[in-house]
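A.B. asks: sharing a sequence plus its predicted fold:
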There are 2 protein chains.
Amino acid sequence: MNVAVLAHERFPDRAKTAVGVLRYADYDVTAVLDRDRAGDRVADHLPDVQDAPIVAGIEDVPDPIDALVIGIAPIGGDFDESWRPDVRGAIERGCDVLSGLHYFLTEDDEFAALADDHGVELRDLRRPPADLTVAEGHSREVDADVVLTVGTDCSTGKMTTSAELVAAARERGIDAALIPTGQTGVLIEDWGIVVDRVPSDFVAGAVERMVRERGDDHDLLVVEGQGSITHPAYSAVTCGILHGAMPDQLVLCHEAGREAIHGYESFAIPPIPEVGSLYEDLAAPVADTTVAAGALNTSGLDDADANQAVIEYATAIDAPATDPVRFGADELLDALV
Amino acid sequence: MNVAVLAHERFPDRAKTAVGVLRYADYDVTAVLDRDRAGDRVADHLPDVQDAPIVAGIEDVPDPIDALVIGIAPIGGDFDESWRPDVRGAIERGCDVLSGLHYFLTEDDEFAALADDHGVELRDLRRPPADLTVAEGHSREVDADVVLTVGTDCSTGKMTTSAELVAAARERGIDAALIPTGQTGVLIEDWGIVVDRVPSDFVAGAVERMVRERGDDHDLLVVEGQGSITHPAYSAVTCGILHGAMPDQLVLCHEAGREAIHGYESFAIPPIPEVGSLYEDLAAPVADTTVAAGALNTSGLDDADANQAVIEYATAIDAPATDPVRFGADELLDALV
């Protein structure tokens, strides 16, 4: 499937869905839309993912395209009205539109009518299944080992680490599956539930449902975590995933050098060992679990500094650690299986 | 306003909304519907709340009634089809129907059409406001002191303790307000947000919105907590309230003798001091808070045993404790202000 990915003014550093799609999804990306970087190529910014031209708007995307993917998610998940011409243009070209925003495209009168006229589908990835319910407390009974990626903050690499772990496990012949809980994971897997949109009563239940649906057919499940239990806005999501997944092991994800909660800078990230212990202690009443490995996002550092940062991080969490994008996920996998 | 309260097969022990309405709401309860106890009176079961006859169905409720309140909430919040004749009958008598179920009466085709025919209102208390958003992290800036009731499990007396605290504070001339987060609190206050239905991303934001809306107009806010951070299904709700409210102090609520999570008996409640510390540690990255008092539900014990249980509980949490229903909330208030 040929897709264009909308990432206006945010590519690549604040466009994690776009980057995730470029890196992991089974789509051919024919263009990235970013009006601030039009004329560049993806490879100018990200050397290690599929390349594509960066264009200013939908009218500059070469044919054929099957879908437009909204590849950014501002805080709060709102729709930015400056994107309207691109979405409109995509629909008029006969493209489906895939969106993980809290704002549902299917409830936008203009887009809904236009999609109807042009026979295309608007897919709101964040719309929860209608038949969710509360958790029953059975996730720990599945056959697979369950690993959950958790973070010191949002955007520390939980989705990336999860995808890299699954890929590395499969390369070793381990039957591993990703349990996606966010829009990027759901885009990559074409399956899953975006749990931050789920009524809070049903978050653990939604995760449990996915773990039980896949847990007896695989040997390793890697559950994509969200947010952080230290986060002033998103911790509910994190806590529900932790208790709904009942993981055997945790991988603690952190970005090198980050000291405060992104977008909430008056809230310091506690010392890393405390964050790890807090995850273990919070999990304990529901599932015995330990921080068995750490993933450090070192994308802002050079190789020497990255190496040093990884060593310090491993010491801080008292477990093996690496940057799975820079150095591969094998070291993490060794610690987990 | 004259209301009838539906509590079939569950009154009073598993009908906490019904009991909350009888005890605290500014309604005249003209009857309780419980087919298993028809012919009894409320006073036969609960001596310390307003009295009313218990009847088998809506047809036995004496005129006049203005509304039927659904006073029970099964796990999962589903509608029990055995209640349909009562809701139908209420609408046909011209009554509004107030419900805190996850199942929305306004989306039930029969009830919606019937309500339309009879010009009555169906009020789904659990329907979240449409304009919720993520928390901004500002709750700690309000003028009022913020107290949050937290629990070792569901149904340990958080709503009751919150209401008793507000009443006791007002009696002392303290300008106190309740921040309701569940259906019973919202019924009592005729204001508030039932946060367990809110998308998990917005739980902290919903609580923050209420705290900021009321926080500068009062000296003490008592935020009604939900669930427990030790709960395999509901902890997401609890965690979001904890971080959204940014409380100065916590009141830890427990039911004497309860050792396992209600309805999830394979999950033990951890030792009480550990639960208290876990709340403090989980709050810490967002708000410095301490368990300053404890509320023990001793309704299953006689006076002597209740006294002894309260003493042991206070020792366990290392803070003043009482049963605010049995002994009044003054001791809690002394510890908090």
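C.D. replies: Looks like it arrived, so ask away. If you're wondering where the values come from, they're calculated on a predicted model, not measured in any experiment.
A.B. asks: so how far is A:Val310 from A:Leu301?
C.D. replies: Distance, A:Leu301 to A:Val310, by Cβ to Cβ, to the nearest Å: 10 Å. Bear in mind the C-beta positions are built from the backbone N, C-alpha and C, glycine included.
A.B. asks: quick one: which of these two has more around it?
C.D. replies: A:Val310 (23 against 18; other Cβ atoms under 10 Å in any protein chain shown).
A.B. asks: mind checking the backbone torsions on that one?
C.D. replies: phi -70, psi -40 (degrees, to the nearest 10).
A.B. asks: next one: it from A:Phe327, what distance?
C.D. replies: Distance from A:Val310 to A:Phe327, by Cβ to Cβ: 7 Å.
A.B. asks: do A:Tyr234 as well
C.D. replies: In terms of Cβ to Cβ, A:Tyr234 sits 28 Å off from A:Phe327.
A.B. asks: same question for A:Ala316.
C.D. replies: Distance from A:Ala316 to A:Phe327, by Cβ to Cβ: 18 Å.
A.B. asks: again with A:Ser228
C.D. replies: Taken as Cβ to Cβ, the span from A:Ser228 to A:Phe327 is 23 Å.
A.B. asks: ok, A:Asp109 next?
C.D. replies: To A:Phe327, A:Asp109 is 49 Å away according to Cβ to Cβ.
A.B. asks: rewinding a little: looking at A:Ser228 and A:Phe327, which is more packed in?
C.D. replies: A:Ser228 (30 against 17).
A.B. asks: can you tell me the SS state at the more buried one?
C.D. replies: Following DSSP: H, G, I helix; E, B strand; the rest coil, we place A:Ser228 in the coil state.
A.B. asks: quick one: residues contacting it.
C.D. replies: Neighbour list for A:Ser228: A:150-154, A:156, A:234-235, A:238, A:261, A:275 [criterion: Cβ atoms under 8 Å, 6 or more residues apart in numbering or on different chains].
A.B. asks: of those - the most surrounded one?
C.D. replies: Among those, the one with the most neighbours (other Cβ under 10 Å) is A:Val150, at 33 neighbours.
A.B. asks: A:Asn112 touches A:Leu122, doesn't it?
C.D. replies: Not quite, residue A:112 is Ala, not Asn. Yes: between A:Ala112 and A:Leu122 there is a contact under Cβ atoms under 8 Å: 7.0 Å.
A.B. asks: shared neighbours of the two, anything?
C.D. replies: A:105-106.
A.B. asks: of those two, give the one with the bigger neighbour count.
C.D. replies: Neighbours were counted for A:Ala112 and for A:Leu122 using other Cβ under 10 Å; A:Leu122 has more, 20 against 15.
A.B. asks: residues from the stretch 51-200 of chain A in reach of chain B?
C.D. replies: Residues of the stretch 51-200 of chain A lying near chain B by Cβ under 8 Å from any Cβ of the partner chain: A:75-77, A:102, A:133-137, A:195-200.
A.B. asks: try it again with 6 Å
C.D. replies: Contact residues (Cβ under 6 Å from any Cβ of the partner chain) of the stretch 51-200 of chain A with chain B: A:76, A:133-135, A:137, A:196-200.
A.B. asks: restricted to strands, list the residues you listed.
C.D. replies: For these, not one is inside strands, with DSSP state E as the criterion.
A.B. asks: report the two of those residues separated the most.
C.D. replies: With Cβ to Cβ as the measure, no two of these lie farther apart than A:Gly76 and A:Gly137, at 32.0 Å.
A.B. asks: how many other residues sit next to A:Ser99?
C.D. replies: 30.
A.B. asks: and for A:Glu121?
C.D. replies: The number of residues packed near A:Glu121 is 12, by other Cβ under 10 Å.
A.B. asks: same question, A:Ile311
C.D. replies: Count around A:Ile311 with other Cβ under 10 Å applied: 12.
A.B. asks: how far away is it from B:Leu125?
C.D. replies: A:Ile311 sits 54 Å away from B:Leu125, going by Cβ to Cβ.
A.B. asks: quick one: the spatially closest residue to A:Ala295 that is not a sequence neighbour and chain B, what's the gap?
C.D. replies: Excluding the flanking residues, the one nearest A:Ala295 by Cβ to Cβ, 6 or more residues apart in numbering or on different chains is A:Thr161, at 4.1 Å. Distance from A:Thr161 to chain B, counting by Cβ to the nearest Cβ, to the nearest Å: 21 Å.
A.B. asks: can you tell me the SS state at A:Thr161?
C.D. replies: What three-state DSSP gives for A:Thr161 is helix.
A.B. asks: check what pLDDT it gets.
C.D. replies: In this model, A:Thr161 is scored at 98, pLDDT.
A.B. asks: repeat that for the one 5 residues further on.
C.D. replies: A:Val166 is assigned a pLDDT of 97 by the prediction.
A.B. asks: surely it and A:Ile179 touch.
C.D. replies: No: using Cβ atoms under 6 Å, A:Val166 makes no contact with A:Ile179, being 9.6 Å away.
A.B. asks: more neighbours: these two, which one.
C.D. replies: Neighbours around A:Val166 and A:Ile179, counted as other Cβ under 10 Å, are more numerous at A:Ile179. The numbers are 29 against 26.
A.B. asks: leaving out sequence neighbours, find the closest residue to A:Asp219.
C.D. replies: Excluding its sequence neighbours, the residue lying closest to A:Asp219 (Cβ to Cβ, 6+ apart) is A:Asp175, at 4.6 Å.
A.B. asks: ok, now how distant is that neighbour from A:Leu220?
C.D. replies: 7 Å.
A.B. asks: how about A:Asp117?
C.D. replies: Shown here: A:Asp117 relative to A:Leu220, a distance of 46 Å by Cβ to Cβ.
A.B. asks: what about those two, which has more around it?
C.D. replies: A count of neighbours by other Cβ under 10 Å puts A:Leu220 above the other of A:Asp117 and A:Leu220, at 21 against 10.
A.B. asks: who touches the nearest residue to the more buried one once chain neighbours are set aside in this structure?
C.D. replies: In this structure, A:Leu220 finds its nearest non-sequential neighbour in A:Ala176, 4.1 Å apart by Cβ to Cβ, 6+ apart. Applying Cβ atoms under 6 Å, 6 or more residues apart in numbering or on different chains to A:Ala176 gives the contacts A:166, A:169-170, A:220.
A.B. asks: at 7 Å what do you get?
C.D. replies: Contacts for A:Ala176 were tallied using Cβ atoms under 7 Å, 6 or more residues apart in numbering or on different chains; they are A:166, A:169-170, A:218-220, A:222.
A.B. asks: from the residues you listed, which land in strands?
C.D. replies: Counting by DSSP E, the part of those found in strands is A:220, A:222.
A.B. asks: mind putting the contacts of A:Ala176 into JSON lines with distance to B:Val337?
C.D. replies: Listed next are the contacts of A:Ala176 as JSON lines, based on distance: Cβ to Cβ, whole Å:
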{"residue": "A:Val166", "distance to B:Val337": "53"}
{"residue": "A:Ala169", "distance to B:Val337": "56"}
{"residue": "A:Arg170", "distance to B:Val337": "59"}
{"residue": "A:His218", "distance to B:Val337": "55"}
{"residue": "A:Asp219", "distance to B:Val337": "56"}
{"residue": "A:Leu220", "distance to B:Val337": "53"}
{"residue": "A:Val222", "distance to B:Val337": "49"}
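A.B. asks: looking at the contacts of A:Ala176, which is nearest chain B?
C.D. replies: A:Val222 (20.5 Å; Cβ to the nearest Cβ).
A.B. asks: need the pLDDT of the closest one.
C.D. replies: If you check A:Val222, the pLDDT there is 98.
A.B. asks: right, and it touches A:Val146 too?
C.D. replies: No: with contact defined as Cβ atoms under 7 Å, A:Val222 and A:Val146 do not form a contacting pair (8.2 Å).
A.B. asks: okay, those two: which has more neighbours?
C.D. replies: Neighbour count, other Cβ under 10 Å: between A:Val222 and A:Val146, A:Val222 has more, with 29 against 22.
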